[in-house]
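Sequence first, then the predicted structure, then my questions.
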Amino acid sequence: MKSKASAPGKVILFGEHFVVYGVKAILCAINKRITVTAEEISEKKISIKSNIGELELEPNKPISEINSPLKPFYYLADKIIQDKDSGIKIEVESEIPLGVGLGSSSACCVAGAAAISKLFENISKDEILKLAIEAEKTIFQNTSGADCTVCTFGGLMEYDKKNGFSKIESEPNFHLVIANSNVEHSTESVVEGVRKFKENNEKEFSKLCEDESYLIENVLELLKEDNVKDLGQKAIQNQEYLERIGISNDKLRDMIKIGQKTSFGAKITGAGGGGCIFALTDESNLQNTIKEFNEKNYECFSVKIDFKGLDTF
Ligand code: MEV
């Protein structure tokens, strides 16, 4: 018996970092996916194969003893075969670059939870999401669950600390050109840097939070109107706020400058310090924006919003 599931990656469109201090953030699922195939096997073992490595272990090991980025898969498989006399083989295929803030680990957890649970029973998307967040917590204890939520349900989502998540019903039609700096970053240390900035500049930071909140309210209106040109302006403005709090660097600024030549606007997505930026385009400037990045030897690819979310087959 085999089962397969796939889940999309994600980007934070607006509101990263400020969301930590209560401002709303806007996320969207992207049409680049992770596909997980799970198979029940007679041998009592859990074996995982992916493009970031392999893991083969007996069931029932304490999760704290496992030191592998594939730990969430082990957690899920071990939990689901607890009372069974069999093992599980898992294969992971990814279209998403890993570890650069594009939701690869959340997509793994969501597709993993769906594929593995489906071997034995059909559970709802809400239950899959709950399992996926549990699995993600084995590698990122303080996750808000936002990434797994958007990977499960797809589309656009708003999130703030007080009110949690809600789906944005707009279906705008833009393209994002995502460029990867290939600079590794630690979200934790970038977030810590912002905390220090806040501590030393309380007044300025609180004004920036106010400005960001106002910008997000404008963005929600522009998404309804599918007004990609003005959304681009908001990306440029949001990037200025991110520059102020110190999460940018020369390489990211260079990439943003290239992205802004022909797109409607570009900004960092996610923690910054490295990772990715996106440039906002429509059909009219998509190819030229890709060309600009390629000419300067930056790795990039284009995505659209994924409205499907988790898919099982
Ligand atoms: C990281 O992808 C997003 C941050 O806003 C941190 C967080 O929200 O936990 C930088």
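In hand now; what should we look at?

Let me see the residues that make contact with the helix or strand hosting Leu76.
Using DSSP states H and E, Leu76 sits within helix 71-80. Outside helix 71-80, the residues that touch it by Cβ atoms under 8 Å, 6 or more residues apart in numbering are 36, 38, 46, 48, 55, 57, 59-61, 63, 66, 68, 88, 90, 92, 105, 108-109, 112-113, 116-117, 119-120, 131, 134-136, 138-139. For glycine as for every other residue, the C-beta is placed from the backbone atoms N, C-alpha and C.

so how far is the helix or strand containing Cys209 from its chain's centroid?
Using DSSP H and E, Cys209 maps to helix 202-225. In this view, helix 202-225 has its centroid 21 Å away from the chain centroid, taken as Cα atoms, centre = their mean, to the nearest Å.

just to revisit the earlier point, in strands only, show me the contacts of helix 71-80.
Mapping those onto strands (DSSP state E) picks out 36, 38, 46, 48, 55, 57, 88, 90, 92.

just curious, which of these is nearest to the ligand?
Nearest to the ligand among these, counting by Cβ to the nearest ligand atom, is Val92 at 21.3 Å.

now the closest one, which residues is it bridged with?
With DSSP bridges as the criterion, Val92 is bridged to Val36.

from what I can see it touches Cys109, true?
No - with contact defined as Cβ atoms under 8 Å, Val92 does not count as touching Cys109 (11.1 Å).

Neighbour count: these two, which is higher?
Using other Cβ atoms under 10 Å as the criterion, Val92 and Cys109 rank with Cys109 on top: 35 against 22.

which residues touch the more buried one?
Counting by Cβ under 8 Å, 6+ apart, Cys109 has contacts 72, 76, 132-133, 135-136, 148, 151.

What subset of those residues is buried?
Applying 16 or more other Cβ atoms under 10 Å to the contacts of Cys109, the neighbour count classes 72, 76, 132-133, 135-136, 148, 151 as buried.

Need the max-distance pair from these.
Farthest pair in the buried ones among the contacts of Cys109 (Cβ to Cβ) is Leu76 and Cys151. Separation: 14.6 Å.

tell me, what residue is most central in this protein?
Nearest residue to the geometric centre of the chain (Cα atoms, centre = their mean): Gly103, 2.5 Å.

Might you report the residue contacts of that one?
8-11, 29-30, 96, 147, 150-151.

And for Ile256?
Contacts for Ile256 (Cβ under 8 Å, 6+ apart) come out as 239, 248, 266-268, 277.

Okay, and it sits in which element?
Following DSSP H and E, the helix or strand that holds Ile256 is helix 250-262.

Run the angle between the helix or strand following that helix and helix 250-262 for me.
Next in sequence after helix 250-262, counting helices and strands by DSSP H and E, comes strand 265-269. Interaxial angle, strand 265-269 versus helix 250-262 (axes from the mean of the first three to the mean of the last three Cα atoms, to 10 degrees): 150 degrees.

Understood, closing this out.
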